[in-house]
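>>> Okay, here's the prediction I keep looking at, along with the sequence it came from:
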Amino acid sequence: MHAHRWPGAPIRESPKMIRLMKNTNSTKSLVNEAYVPLVSRTGSLGPMLQPTEAPAPGDPILNPLTMVLPAFYLQEVSGTPDLYDMIYEKTGEYVAITSSGEVILVSSSTGPSFNGDHATTIFSFDCRGTIFVSVGSSKYEWSTKGKSCSISAVEAPKNNMKVLPVNLPKIPISKRDMERATELLEKHNAGRDLEARVNTDFSEPQCPNTPAGLFSGTKEGFEMGQGNFCEDLNKWWGLSPFDFEGACFIQSLCFDQCSGFSFAGCVAMFAASMYASCLNEFGSWWDILQATACAVQAHVFTGFAATDTGKKLYNKANDAMCRCFCSNPGDTCVFVDKEGKLTDDFYCANIKGSDLDNCGNCGRRCGADSACHSGVCGCPRDQCGTTCLDFRNNPNHCGACDQACDPPYCIGGTCYKPSPDECAPDQAVFNGGFLDWQYGFTNWTMAGFPGTVLGTDISFGSSRYTYDATKPWVRSLGVEINNIPAAGHHALLTQKKVKMCPGFNYELKFNMGYV
């Protein structure tokens, strides 16, 4: 075995992790600096020992993955809010230190000071599981050597010992998980590519259900490795005596996948890989002690991986690697709000159609006085050569290029000869709608009456509207009114240019809605 250190990463203290550590009523295991569990001896504690001969078949010690470790719990003592008694659950005895530097088990609590030659109410710990020992102003370093524990008063103790929650989430691991983990570890150790073979047995939607047909895929400019759980835990438990590099690589790679890999599935794969690392490294009963310590650390890492801490890293990795795509139309998913900012309220944009905000590519907008036609920016309506025009009312290009009218009246794309005794067949007033809102409302003038400030009291902006959720959105005008006084606000939106045909009567119609 060799020590292996993972690079550091910022600590994110999960509330669930803190509760697991600081819940004094929950049972915990005690381990030393090498993750070897502490067990009871006659009247004392000491590290678990390596058997000197082969255990009998069926002995629980032969299976370090399922072996039940001794359990302890902490008990509050009145008047000592920051110090606790530590009790061995099986016998109800109290863990104590003696003035001569021993760790013993006694039948009752002494409080926070020495009663005779020993003291019990001396333990505290942080949310990382580190145990602190103090009596009055004296701090003690608790360490193990051989089969015994020792305590010594020092100014800056190393705080080697840890408490680990017994009730960490249990990770279900199947035989197939272990077989797959072993295979992956062998490939990793051989330097072979694992991208195509991680874990395909678990899946959950990684994109919203609406709009329908979304699927998750790798986005441009992605960042790998944002969800490496071992890097995250390194800040909690520092140097590992075991080499879990392959398992950590598999876990991080699994979190980086954009489809077919759920959080629960990746955690199970991580657990199986860590346990497989322990079993592959230690093959005989003579390695039981180290295999048990390895399994304890694997249990801790994978248990915390299943809490909110792991879930946050899973989401962080997904955010860095993945985005949602549309299967119909098969182009892109756009996240926009009324100000053009990215939000979760997105829709599927057909970049090969006439979407004003996504012409030919996601987020691509055409310039002023232009529109999108089949994913290509061009004239707002019609075009002849390099000239933009409107076939509906251009007398020289009425209905088509080079189709001139005589007399020069073009209405609705058809040449028209006015007659004094009849009305025009179509409306000849054109304002272009609000298709060009993002360019400053071309062809419109905005004004505020006295007492009304444009942009503060009343704002004209973009909006999308559809009267039927199954129909496409259309560009429209949005009017936002704020801080309305009793007298109300008054503003004006007028058209700069109006084209009229002489001798005609016109009727102006518009739709207005309230949201």
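In hand now; what should we look at?
>>> Which residue ranges of the chain form helices?
With DSSP state H applied, the chain shows helices at 15-22, 175-189, 229-237, 245-255, 263-281, 288-305, 308-321, listed in chain order.
>>> Show the low-confidence segments of the stretch 201-350 of the chain, by residue range.
The stretch 201-350 of the chain contains residues with pLDDT under 70 at 201-206, 208-212, 234-241, 281-283, 328-347.
>>> JSON lines for the helices of the chain, including distance to residue 79 and mean neighbour count?
For glycine as for every other residue, the C-beta is placed from the backbone atoms N, C-alpha and C. Rendered in JSON lines, the data for the helices of the chain read as follows (distance: least, Cβ to Cβ, whole Å; neighbours: other Cβ atoms under 10 Å):
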{"stretch": "helix 15-22", "distance to residue 79": "19", "mean neighbour count": "17"}
{"stretch": "helix 175-189", "distance to residue 79": "50", "mean neighbour count": "17"}
{"stretch": "helix 229-237", "distance to residue 79": "31", "mean neighbour count": "20"}
{"stretch": "helix 245-255", "distance to residue 79": "45", "mean neighbour count": "24"}
{"stretch": "helix 263-281", "distance to residue 79": "42", "mean neighbour count": "24"}
{"stretch": "helix 288-305", "distance to residue 79": "33", "mean neighbour count": "24"}
{"stretch": "helix 308-321", "distance to residue 79": "34", "mean neighbour count": "20"}
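>>> Out of those helices, which gets nearest to residue 215?
helix 308-321 (13.4 Å; Cβ to Cβ).
>>> which helices and strands does that closest one pack with?
The elements that helix 308-321 packs onto, with contact taken as 3 or more Cβ pairs under 8 Å, 6 or more residues apart in numbering; DSSP states H and E, are helix 15-22, helix 229-237, helix 245-255, helix 263-281.
>>> Switch those over to JSON lines; also include distance to residue 213.
Formatted as JSON lines, these follow (distance: least, Cβ to Cβ, whole Å):
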{"stretch": "helix 15-22", "distance to residue 213": "35"}
{"stretch": "helix 229-237", "distance to residue 213": "32"}
{"stretch": "helix 245-255", "distance to residue 213": "25"}
{"stretch": "helix 263-281", "distance to residue 213": "23"}
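>>> Out of the ones you listed, flag the one nearest residue 361.
helix 245-255 (29.2 Å).
>>> Give me the domain ranges for the protein.
Per automatic domain parsing, the domain ranges recorded for the chain read 27-165, 175-325, 431-498.
>>> out of the ones you listed, deepest packed?
domain 175-325 (a mean of 19; mean count of other Cβ atoms under 10 Å).
>>> End to end on that domain, go ahead and measure it.
35 Å (Cα to Cα, to the nearest Å).
>>> what's the answer for stretch 297-312, then?
The straight-line separation of the ends of stretch 297-312 (Cα to Cα) is 21 Å.
>>> sorry, back to before: kindly present the domains of the chain as TSV, with separate columns for distance to residue 354.
Shown next, in TSV, are the domains of the chain (distance: least, Cβ to Cβ, whole Å):
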stretch	distance to residue 354
domain 27-165	56
domain 175-325	18
domain 431-498	9
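>>> out of the helices of the chain, nearest to residue 53?
That would be helix 288-305 among the helices of the chain, by Cβ to Cβ, at 11.4 Å.
>>> any idea how far residue 260 is from the residue nearest the centre of the chain?
Central residue of the chain (Cα atoms, centre = their mean): residue 315, 2.0 Å from the mean position. Separation of residue 315 from residue 260 (Cβ to Cβ, to the nearest Å): 17 Å.
>>> In CSV: the helices of the chain, plus distance to residue 415.
Formatted as CSV, the helices of the chain follow (distance: least, Cβ to Cβ, whole Å):
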stretch, distance to residue 415
helix 15-22, 75
helix 175-189, 75
helix 229-237, 74
helix 245-255, 67
helix 263-281, 67
helix 288-305, 75
helix 308-321, 59
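>>> With residue 82 as the reference, name the closest of those.
Once those are compared by Cβ to Cβ, helix 15-22 is nearest, at 11.8 Å.
>>> check contacts around the residue lying closest to residue 41 once chain neighbours are set aside.
Of all residues not flanking residue 41 in the chain, residue 147 sits nearest, at 7.5 Å (Cβ to Cβ, 6 or more residues apart in numbering). Shown in contact with residue 147 (Cβ atoms under 8 Å, 6 or more residues apart in numbering): 41, 46-47, 49.
>>> Quick check: residue 147 vs residue 111, distance?
Using Cβ to Cβ, residue 147 is found at 30 Å from residue 111.
>>> Kindly report the same for residue 287.
Residue 287 sits 43 Å away from residue 111, going by Cβ to Cβ.
>>> same deal with residue 252?
Per Cβ to Cβ, residue 252 is found 48 Å from residue 111.
>>> and if you look at residue 101?
20 Å.
>>> which residues touch residue 104?
The neighbourhood of residue 104, defined by Cβ under 8 Å, 6+ apart, consists of 43-45, 95-98, 118.
>>> Check it and give its pLDDT.
Reported pLDDT at residue 104 in the predicted model: 93.
>>> I'd like the distance between it and residue 145.
Applying Cβ to Cβ to residue 104 and residue 145 gives a distance of 16 Å.
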